[in-house]
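Chemist: build me a model:
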Amino acid sequence: MASKFLREYKLVVVGGGGVGKSCLTIQLIQSHFVDEYDPTIEDSYRKQCVIDEEVALLDVLDTAGQEEYSAMREQYMRTGEGFLLVYSITSRQSFEEIMTFQQQILRVKDKDYFPIIVVGNKCWKARDKFQDKRVNN
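Modeler: Residues are numbered from 1 along each chain as shown. Predicted coordinates:
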């Protein structure tokens, strides 16, 4: 009997430090919300899921956002098949950083386009800030 291999998809989660990449990744893989910040160097997760009506294996790489780990970026950009560019909606700087990440991905891949999804994260913080203003006014 022939064994059936699952198609594997390599998804890379990229963004600046503290934007919630790990929290988002763990929510996706384990359906668990992490509320404490623990800076990541690099973590890899795997999850079986259905993509295009086929059972597949999703390999998610949660990357370091801190600048001191920038030398590792090009390596995971070479191997990634899709990217989540994550920014915090409470930080304009984090949004501007993802533009740089996108350009770097396209340069490393030597393409004009590549599968990239932009994710605005930490919406709950903006809601809390708005509610605080309403209470104080």
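Chemist: isn't residue 93 up against residue 16?
Modeler: Yes: taking C-beta atoms under 8 Å as the definition, residue 93 is a contact partner of residue 16 at 7.2 Å. All C-beta atoms are positioned from the backbone trio N, CA, C, and that covers glycine.
Chemist: burial check on residue 17, number of neighbours?
Modeler: 16 (other C-beta atoms under 10 Å).
Chemist: on the pLDDT front, check it for me.
Modeler: Here, the pLDDT recorded for residue 17 equals 87.
Chemist: what's the weakest-modelled helix or strand in the chain?
Modeler: Sorting the helices and strands of the chain by mean pLDDT, DSSP states H and E puts helix 123-136 at the bottom, at a mean of 52.
Chemist: so who does residue 54 touch?
Modeler: residue 7 (C-beta atoms under 8 Å, 6 or more residues apart in numbering).
Chemist: what's opposite it in the beta bridge?
Modeler: When assigned by DSSP bridges, residue 54 has beta-bridge partners residue 51.
Chemist: what's the distance between it and residue 8?
Modeler: Using C-beta to C-beta, to the nearest Å, one gets 12 Å for the distance from residue 54 to residue 8.
Chemist: residue 93 and residue 16 - which one has more neighbours?
Modeler: When neighbours are counted by other C-beta under 10 Å, residue 16 comes out ahead of the other of residue 93 and residue 16, with 21 against 10.
Chemist: the more buried one reaches residue 97, doesn't it?
Modeler: Yes: Residue 16 is within contact range of residue 97, at 4.4 Å (criterion: C-beta under 8 Å).
Chemist: give the residues shared as contacts by those two.
Modeler: Joint contacts of residue 16 and residue 97 (C-beta under 8 Å, 6+ apart) are residue 87.
Chemist: following the chain onward from the longest helix along the chain, which element is next?
Modeler: Longest helix in the chain by number of residues, with DSSP state H as the criterion: helix 92-109. Next helix or strand after helix 92-109 toward the C-terminus (DSSP states H and E): strand 116-121.
Chemist: list the strands paired with that next one, with their directions.
Modeler: strand 82-88 (parallel).
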